[in-house]
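In: A predicted structure for the sequence below; I have some questions about it.
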Amino acid sequence: HYPPACVILNLNFCELSPLPGLPPHHVPLSPAEFKFTIGSTPSTRITRHQLPLTPAYAFTDFKAQGQTINHVLVDIGRTTCVLLSPFNAYVVLSRSHGRDSVRLLRDFDNDLFLRHPSEDLRIEDNRIQQLVEET
């Protein structure tokens, strides 16, 4: 009648510090307890135990290119797995009809939009600019 004590998630796409007794990239997920009251007179107190999982459909910025999506939940926060560029952020933030239908999952690093996306690209841009000035 209750959820298990925990489930073990294999997050093989991230670098995680290993937890004692678990294989690399594995983390436990424990049930959460939610309490609420329904009704007014008489009221009933409800306690619910469930695993904090939300079924969702997700895809990468590469897959999202060229699509328009009605409502977008975006994660451009810092990760240990993937280094995002301003190009990635632009693609995912511009997939919806407007800013009212975009939600950010968590805070992000402002430097994402302040640093040059690629040192090689910056060098090439400077080289082309120098050629323009010389001709």
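Out: In hand now; what should we look at? On a predicted model such as this, the values are computed, not experimentally measured, just so you know.

In: any idea which helix or strand of this protein has the worst average confidence?
Out: helix 61-64 (a mean of 84; mean pLDDT, DSSP states H and E).

In: And that helix, how far out from the chain middle?
Out: 14 Å (Cα atoms, centre = their mean, to the nearest Å).

In: Next: stretch 40-53.
Out: Distance, stretch centre to chain centre, for stretch 40-53: 29 Å (Cα atoms, centre = their mean).

In: Can you tell me what sits against it?
Out: The set of residues external to stretch 40-53 that reach it, using Cβ atoms under 8 Å, 6 or more residues apart in numbering, is 2, 3, 7, 29, 31, 32, 33, 34, 35, 36, 37, 38. (Each C-beta comes from the backbone N, C-alpha and C, glycine too.)

In: now the strands for the chain?
Out: According to DSSP state E, the chain carries its strands in the segments 7-10, 26-29, 32-38, 44-50, 72-74, 102-104.

In: Tell me which of those lies nearest to residue 111.
Out: Set against residue 111 and scored by Cβ to Cβ, the strands of the chain come closest in strand 102-104, at 15.9 Å.

In: Any buried residues in the closest one, and which?
Out: By neighbour count on 16 or more other Cβ atoms under 10 Å, the buried set for strand 102-104 is residue 102.
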